[in-house]
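*Asks:* Let's see this in three dimensions:
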Amino acid sequence: MLKIKFTNFKKIMDYINQLKQTPLGYASVFSSLKKMVLFFILYLFITGLTAIIIIFSFNKKQEIVLVPKVINMEFYNAYKILHSYDFNVEIELKSFNNINSGLVAFQSLQEGKKVKKGRKIKLIISSGAVSADHDETSDDATLNSYIIKFKLPESYSEGRVKILFSDNKYSDKVIFNELVYPTNKIMIPIKIYGNGIQKIYINDELYIEKDIE
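*Replies:* Numbers count the residues shown, from 1 in each chain. Purely as a prediction, here's the structure:
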């Protein structure tokens, strides 16, 4: 009985030794698994290192710029300059008796300051002097800042654009009436008392009528 067991055990060991010597034996399998594990670890290391290099390079490539001075500039020109540096521009309209309507009265980032591109900058735009017949502090004065944006369609070689807006205070007030070209971009900051409507005409034909909230 013991001889049979020993014989069977010997056969099993001989079979295992044969497997180790063949390409598909246990030794080859274990070696392949080991190589796969090492390759996977190396892959994770290289991937992580590459990600770190990319992130570092991206942060390093973010340009440092000097904040330009836009105070006393027309809002549209100030916006174009700041937009060219990828600034995130926010606006607020405020009445000033000594600053003409549409001019930049204040900028949140000081001129000459070194900042990264893409920073947020707030501009306060003058809406002109306060009307004598209106009290902005009254309860019925719900003020909103808004920018009317428009670009002449490329199907027009040129066109006379007239923009009107109305709200709880004004009724179809003309705020723009000029000859423009497709390369021009119109940006007009306005104050709205309550809800309003903007109307845009091209060559005296109504092109857009839009609610302003």
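*Asks:* what about the helices in the chain?
*Replies:* Here the chain has its helices, by DSSP state H, at 2-21, 26-61, 75-84.
*Asks:* any idea how the chain splits into domains?
*Replies:* 2-61, 63-130, 141-213 (automatic domain parsing).
*Asks:* how about the residue nearest the centre of the chain, what does it touch?
*Replies:* The residue lying closest to the centre of the chain (CA atoms, centre = their mean) is Asn88, at 7.6 Å. Asn88 is in contact with Gly118, Arg119, Lys120, Ile121, counting by CB atoms under 8 Å, 6 or more residues apart in numbering. All C-beta spots, glycine's among them, are computed from the backbone N, C-alpha and C.
*Asks:* Need the max-distance pair from those.
*Replies:* Across those, no pair lies farther apart than Gly118 and Ile121, at 10.3 Å, counting by CB to CB.
*Asks:* More neighbours: those two, which one.
*Replies:* A side-by-side neighbour count of Gly118 and Ile121, using other CB atoms under 10 Å, places Ile121 first with 19 against 12.
*Asks:* hang on, Lys69 packs against Gln110?
*Replies:* No: counting by CB atoms under 8 Å, Lys69 sits too far from Gln110 to count as a contact (9.1 Å).
*Asks:* More neighbours: which of the two?
*Replies:* Lys69 (14 against 9).
*Asks:* so what pLDDT did the more buried one get?
*Replies:* pLDDT for Lys69: 93.
*Asks:* list the contacts for the closest residue to it other than its chain neighbours?
*Replies:* In this structure, Lys69 finds its nearest non-sequential neighbour in Glu111, 3.9 Å apart by CB to CB, 6 or more residues apart in numbering. Glu111 is in contact with Leu66, Val67, Pro68, Lys69, Ile71, counting by CB under 8 Å, 6+ apart.
*Asks:* can you check Lys114 too?
*Replies:* The contact partners of Lys114, taken as CB under 8 Å, 6+ apart, are Ile64, Val65, Leu66, Val67.
*Asks:* from those, which two are the most distant?
*Replies:* Ile64 and Val67 (10.7 Å).
*Asks:* Burial check on Ser171, number of neighbours?
*Replies:* Neighbours of Ser171 (other CB under 10 Å): 10.
*Asks:* Same question for the one 4 residues further on.
*Replies:* Taking other CB under 10 Å as the neighbour definition, Ile175 ends up with a count of 15.
*Asks:* Also the one 3 residues further on?
*Replies:* Per other CB under 10 Å, the neighbour tally for Glu178 reads 11.
*Asks:* what's the spacing between it and Asn184?
*Replies:* Distance of Glu178 to Asn184, computed by CB to CB, to the nearest Å: 9 Å.
*Asks:* cool, Ile125 as well?
*Replies:* Applying CB to CB, the value for Ile125 to Asn184 is 20 Å.
*Asks:* Can you flag which of the contacts of Glu111 belong to strands?
*Replies:* Leu66 (DSSP state E).
*Asks:* which of the contacts of Glu111 tops the neighbour count?
*Replies:* Val67 (19 neighbours).
*Asks:* list the contacts for that residue?
*Replies:* Contacts of Val67 by CB under 8 Å, 6+ apart are Gln107, Leu109, Gln110, Glu111, Gly112, Lys113, Lys114, Val115, Ile121.
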